[in-house]
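J.: Kindly generate the corresponding structure for this input.
(one chain, ligands or ions: 2)
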Amino acid sequence: MMNPTTDTPFASYIQARIDQITERCTQCGKCFEACSMLPYTDLEGAEPSAVTRSVVDIINDRGHAPEGAAWVQACQKSGSCIDACPEDVNPREMILYARVKLQQSAFGREELSQRGRNFFRRLSGIIRATAAIQTPPELYRRLTAVRYRKKAAAQNLFYFGCHILKTPHILLSCMDVFDRMGLDCEVVGGLGHCCGINHFRMSDLEAGAAMGTRSLEEFRSYGSEQVITFCPTCQMQYTEYRPLYSGPGDDELPFVHVTKYLARNLDTLKSLCTAPVNKRIALHLHGGTDGVEENVKAILACVPGLEVVEIDQHKDHGYQCPTLLLPGATEAMREKLLSSARAAEVDSVVTVYHSCHFELCPEEGNHPFELENFMTILGQSMGFDYPDWTKTFKLYGDLDRVLAETGDQLRRHGIDPEKARGPLKVALNG
Ligand code: SF4
Ligand code: SF4
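T.: Numbers count the residues shown, from 1 in each chain. Ligands and ions are numbered 1, 2, ... in the order given. Next up, the predicted model:
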């Protein structure tokens, strides 16, 4: 008789990961001790080994103490726990499986699948409308086309994900930088190339993995040597959860974050960054993605005139702004960042990720400094500057004005401005 929990190929991948974690984890509790979210929970002072034992019980469908479930709910994927593990377990991955198990037992698989579909549909509407008010339809179609025909071989594939379409000035700047660097590159992204995260977030790993695998097959068809990513979530999905996408051991196509790619090509960047950018800036940083801080600092050191100052900030709070949702942690991260930047008298706070820029850019209205992305800084030094309509529209704080100014363009996208009002309200006004 089929065992529905392990007898599909996908379920067997998950089970293999859980078995490996269970075998390796000594329940020492070091990952729990390293967790940066504990101050925002009732778990401070809990016995670390008891909490991690509870998490291992959850992933193995055993009865468990409540502390494990509380820790699972608090996890914001910052990854601070990963280096703390002496047994080569990825606690962030362990917690993902525990969350899925808890959600499955609370709501059932069918309900979670429905939630995943609803979430994806709602998000698609938000991304589509936010991109449409900033991007001409021809350009949008070119960026997001799914090409089923034979692909032109390209040495590199730039996979930009989908949320960056809400900040097209960052995407276009990045493409312009690649162009000037002479990168042999095809560009792919948009909602038709989802990495699967939206279903993962709703604990429907199988649907997410199916979606991510379809995109992966499309990426492979370009015959590229590597995929360059921008989004930290896409990077995490196609590295940390890769065994769920393509079967164990199938990792022949490397995914490289844009900061790593640029940091490997500093001489080329230096030769292109010729215009001084006479600014004193602070970087807004998150952990959780390998080497990003060192790499982005090396990249910005190529820009003449730029002074990067160190500020006190909570780098270990989440791996990007929009998914840092634990009450207290979000506010603390922002407060520390913005007050430190103010005290350091910087001209600009510079984000690495488009997702953080989207969240933080309206803070420019409350502080005596700009909010920019590092790609904008590179562009300024290379002699181009794409307007940041995201920030402009957010700073209006007036959706009627946005719709009045962008109505014609929305119609050219085939979108009724009145129907876009709801998604744009969520996107621009939070
Ligand atoms: S990923 Fe971050 S938030 Fe989650 S358990 Fe690890 S340290 Fe804590
Ligand atoms: S995941 Fe690693 S650090 Fe955490 S309890 Fe298990 S062995 Fe210890």
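J.: Using PDB, write down the CA coordinates of the helix or strand harbouring Tyr245.
T.: Using DSSP states H and E, Tyr245 sits within helix 242-246. Extracted in PDB, the C-alpha atoms of helix 242-246 (Å, rounded to 0.1, in the frame of the first residue of the first chain):
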ATOM      1  CA  ARG A 242      17.800  22.900  -4.300                       C
ATOM      2  CA  PRO A 243      17.500  19.200  -3.400                       C
ATOM      3  CA  LEU A 244      13.700  19.600  -3.300                       C
ATOM      4  CA  TYR A 245      13.600  21.100  -6.800                       C
ATOM      5  CA  SER A 246      15.600  18.700  -8.800                       C
END
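J.: Could you check which residue of the stretch 51-200 of the chain lies nearest ligand 2?
T.: Cys85 (3.2 Å; CB to the nearest ligand atom). Every C-beta, even on glycine, is put in place using the N, C-alpha and C of the backbone.
J.: Ligand 1 contacts on this structure?
T.: 34-37, 75-81, 91-92, 95 (CB under 6 Å from any ligand atom).
J.: How about residues contacting the helix holding Tyr245?
T.: By CB atoms under 8 Å, 6 or more residues apart in numbering, the residues outside helix 242-246 that reach it are 10, 13-14, 16-17, 196, 205, 209, 212-213, 216, 237-238, 249-251.
J.: Just the closest residue of the stretch 201-350 of the chain to ligand 2, please.
T.: Glu240 (14.3 Å).
J.: Look up the closest residue to that residue, ignoring the ones flanking it.
T.: Glu93 (6.1 Å; CB to CB, 6 or more residues apart in numbering).
J.: give me the element that neighbour is part of.
T.: Going by DSSP H and E, Glu93 is in helix 91-107.
J.: do Asp42 as well
T.: Counting by DSSP H and E, Asp42 is part of no helix or strand.
J.: Same question for Glu335.
T.: Going by DSSP H and E, Glu335 is in helix 329-343.
J.: Distance-wise, check Leu96 relative to Val51.
T.: 16 Å (CB to CB, to the nearest Å).
J.: and these two? which has more neighbours close in?
T.: Val51 (25 against 22; other CB atoms under 10 Å).
J.: Confirm the more buried one sits in a strand?
T.: No. Counting by DSSP: H, G, I helix; E, B strand; the rest coil, Val51 is not part of a strand but helix.
J.: Model confidence for it, exactly?
T.: Note for Val51: predicted pLDDT of 98.
J.: ok, now how distant is it from Glu67?
T.: Val51 is 5 Å from Glu67, by CB to CB.
J.: shared neighbours of the two, which are they?
T.: Taking CB under 8 Å, 6+ apart as the contact rule, Val51 and Glu67 both touch Leu43.
J.: Any regions of the stretch 51-200 of the chain where pLDDT drops low?
T.: Within the stretch 51-200 of the chain, the segments meeting pLDDT under 70 span 146-151.
J.: Test my guess that the residue nearest to Glu240 contacts Gln20.
T.: No. When contacts are counted by CB atoms under 8 Å, Glu93 is not listed as touching Gln20 (9.9 Å).
J.: of these two, who's got more company?
T.: Higher neighbour count among Glu93 and Gln20: Glu93, with 19 against 15, using other CB under 10 Å.
J.: Let me know the next secondary structure element after the helix holding Glu93.
T.: Next element after helix 91-107 (DSSP H and E): helix 109-132.
J.: buried sites along that following helix?
T.: By 16 or more other CB atoms under 10 Å, the buried positions in helix 109-132 come out as 112-113, 115-116, 120, 123-132.
J.: Stretch 301-308 too?
T.: Cys302, Val303, Leu306, Val308.
J.: Filter these down to the ones in strands?
T.: Val308 (DSSP state E).
J.: possible to save the buried residues of stretch 301-308 as CSV with distance to Leu285 and pLDDT?
T.: Output for the buried residues of stretch 301-308, formatted as CSV (distance: CB to CB, whole Å; pLDDT from 0 to 100):
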residue, distance to Leu285, pLDDT
Cys302, 18, 98
Val303, 17, 98
Leu306, 16, 98
Val308, 11, 98
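J.: For Pro91, give me its contacts.
T.: Counted by CB under 8 Å, 6+ apart, Pro91 has contacts Cys31, Thr52, Cys81, Ile82, Ala84, Cys85.
J.: Roughly how far does the third one sit from Ile59?
T.: When distance is defined by CB to CB, Cys81 is 15 Å away from Ile59.
J.: end-to-end on stretch 343-356?
T.: 21 Å (CA to CA, to the nearest Å).
J.: Pull the distance from it to the chain's centre.
T.: Centre-to-centre, stretch 343-356 and its host chain are 17 Å apart (CA atoms, centre = their mean, to the nearest Å).
J.: buried stuff in it?
T.: Ala344, Val346, Asp347, Ser348, Val349, Val350, Thr351, Val352, Tyr353, His354, Ser355, Cys356.
J.: Also stretch 175-195?
T.: Neighbour-count burial for stretch 175-195 [16+ other CB under 10 Å]: 175-178, 180-181, 183, 185-191, 193-195.
J.: again, but for stretch 10-17
T.: Going by neighbour count (16+ other CB under 10 Å), the buried part of stretch 10-17 is Phe10, Tyr13, Ile14, Gln15, Arg17.
J.: and which of the residues you listed is nearest ligand 1?
T.: Set against ligand 1, the nearest of the buried residues of stretch 10-17 by CB to the nearest ligand atom is Arg17 (16.2 Å).
J.: Downstream of the strand or helix carrying the closest one, the next helix or strand is which one?
T.: Remark: Arg17 resides in helix 9-24, with elements defined by DSSP H and E. On the C-terminal side of helix 9-24, the closest following helix or strand by DSSP H and E is helix 30-34.
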